[in-house]
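1. Return a 3D structure for these sequence lines:
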Amino acid sequence: MSSRATISGLAIAVLFMGILLSLLVTHERRPFYLVRERYGKWAQSFDEVERRFRKGISLTQPLVQLYNQGRWTVLGEMPYPVVLPGRDGYLFYASEEAKDGPSMTDWRGQALPDQAEITRWSEALIARDHRLAELGIPYLVAMAPNKQTAMPQWLPRWVQHQEGRHRADVLLPTVADRLRTPPLDLRPLLRAESDAGRETFFRTDSHWNLEGAALAAEAITRRMAALDRRVPVLDTRGWERVSSSYQGDILKLGHLRVDRSETVLQPVPPRTLPGRTPDGRPILAGGVDRVFYLPVELWQAQDEGIKTLVLTNPEGIDGTLLVFHDSFGTGVMPFLGQIYRTTIACWSPWSQKVVEQTRPAMVLQLTVERYLHYIRRSGEKPETHP
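-> Below you'll find the model as predicted:
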C-alpha cells in the first residue's frame, strides 16, 4: 500500500472516530477537548493518533485542508481544540491551550491563583501605585472581560451552566481597598449591555468590537474624570454608526475555506477627530470607511523592546496620558487618544522606565481578563503580551 493511500485511510479513520466520539457524548456538537476529559486515556490515545496524522500530512496541504474542512462541516468545530464554536456563529477560545492564556478553564473555575500568585500580583500593583503617588501621578487599573464572560448566552448551552469562580474574582478584591483608586472591572457593564441585546464583541474574534470599546472608553473616562476634573466624559450614544466587514482572529486559526466575514456597526464621532500618529497619519479616515480599530502595525518597538504608539491631539487637554495595554487597547485608543494632547500607548503590562521618562498626567493600565496574570514586580524586564 502506498504512503498516500495509508495517509488517506488514516484521514478517514480519524474523521470517523471524531464523529463517533461526538455522538457518544451528546447530540449537540462538542469539541474534542471535552471528550478528552470524559473518556480519559482512550481519548488521549485518539489525540496521539490525530497528532501523528497531522504530522504525517503536514507536507500535503490538500489533505490538511480536506481534514480541516471535514471537521468543520461534519462536526461543526474548528480543527483545533483551542476553539469552541458557540451559538449563532460565535466562536470562543476553549482552553488553557489557547494562545492567549486561560479562557474556558477560567470560566469553569479551574484557573484560580494560589496564594503565591495572589501575593505577587497584589504587591506589584501596590508598589506601582505607591511610586506613582510619590510622583503625583494618578493610577487607574481597568480590566476588560473575556468574551464568554461578557456574552455567556452565546456559549453552547452545555457550557453556560459550568461557570465557576473566575481568576479575577480572587485577584481584584485583594487590591480594591489598597490602591488609591479601586480597579475598574468592566465585566458587569459589558455583560449587562449584552443581556440587553447589544453586541459588544465580534462573533469570530476574541476582542470587543467598536461598540464594546466605546462603552469601555465611556466608563474609563468617567473614572478618569474623578481623578482629573479636566477630562471630558465620552458619550457615544448620539454618534453615527457605520457598517464594516470583519473576519476575526479565532476563525483565522482554522485556515478554512469558508466565508464567515461579519458585518459590524461602529460608532463614529460627528466629526473627524484631529488625532494623528507621530508620522502624520490621521487615526480616522473620511467617508463611509471611517473604520478606526487601529491596526497593530502602528505600534513600533521602542526602548526595552516595548511596542509603542504615540497619538497627538492639539485640541486635547494639557499633559500626557500613558497607557499600558494588551491587544484590547487597539479598540479604545482612538477614543482615549483624544483626551490629552499626547497619548503614549505601550503594548506591555508595565515599564517604570517609561513612566520616569514621560512623567505623564495620568497612567492607565488596561488588561483583558485572560491576561490578568501577566504582571511582574516593578523593575523587572518588561513582559510582552502575545
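2. Look at L322 and give its secondary structure.
-> State at L322, reduced to three classes by DSSP: H, G, I helix; E, B strand; the rest coil: strand.
3. Could you pull up the residues touching D326?
-> Listed by C-beta atoms under 8 Å, 6 or more residues apart in numbering, the contact set of D326 reads 347, 349, 366-368, 371, 374, 385. All C-beta atoms are positioned from the backbone trio N, CA, C, and that covers glycine.
4. out of those, who's nearest I220?
-> L366 (7.6 Å; C-beta to C-beta).
5. List the backbone torsions phi and psi for that closest one.
-> Main-chain dihedrals, L366, degrees, to the nearest 10: phi -110, psi 120.
6. could the contacts of D326 be laid out in TSV, adding neighbour count and pLDDT?
-> Output for the contacts of D326, formatted as TSV (neighbours: other C-beta atoms under 10 Å; pLDDT from 0 to 100):
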residue	neighbour count	pLDDT
W347	21	92
P349	22	89
L366	24	97
T367	23	94
V368	25	93
Y371	23	86
Y374	18	75
H385	19	46
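7. In helices only, show me those.
-> Taking DSSP state H, every one of the contacts of D326 sits outside helices.
8. Roughly how far does G319 sit from A124?
-> 25 Å (C-beta to C-beta, to the nearest Å).
9. Revised request: answer the last question for T105.
-> When T105 is compared with A124 (using C-beta to C-beta), they lie 23 Å apart.
10. now W107
-> 25 Å.
11. can you check I339 too?
-> For I339 relative to A124 (C-beta to C-beta), the value is 26 Å.
12. L372 now?
-> 12 Å.
13. Give me the more crowded residue out of the two.
-> L372 (25 against 18; other C-beta atoms under 10 Å).
14. Is the more buried one in contact with L171, as I believe?
-> Yes: contact criterion C-beta atoms under 8 Å: L372 and L171 qualify, at 6.0 Å.
15. Between the two, which contacts overlap?
-> If you check L372 and L171 against C-beta under 8 Å, 6+ apart, the residues they both contact are W121.
16. For stretch 295-309, buried residues please.
-> 298-299, 306-309 (16 or more other C-beta atoms under 10 Å).
17. Nearest to R120 among the residues you listed?
-> When the buried residues of stretch 295-309 are compared for distance to R120 (C-beta to C-beta), I306 wins out at 21.2 Å.
18. Kindly provide the distance from that closest one to M151.
-> 31 Å.
19. try I339
-> From I339 to M151 the distance is 28 Å (C-beta to C-beta).
20. Please apply the same query to R167.
-> 18 Å.
21. Let me have the buried residues of stretch 295-309 in JSON lines, adding secondary structure, pLDDT and distance to E218 as columns.
-> Formatted as JSON lines, those follow (DSSP: H, G, I helix; E, B strand; the rest coil; pLDDT from 0 to 100; distance: C-beta to C-beta, whole Å):
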{"residue": "L298", "secondary structure": "helix", "pLDDT": "76", "distance to E218": "23"}
{"residue": "W299", "secondary structure": "coil", "pLDDT": "83", "distance to E218": "24"}
{"residue": "I306", "secondary structure": "coil", "pLDDT": "89", "distance to E218": "27"}
{"residue": "K307", "secondary structure": "strand", "pLDDT": "90", "distance to E218": "26"}
{"residue": "T308", "secondary structure": "strand", "pLDDT": "91", "distance to E218": "25"}
{"residue": "L309", "secondary structure": "strand", "pLDDT": "89", "distance to E218": "21"}
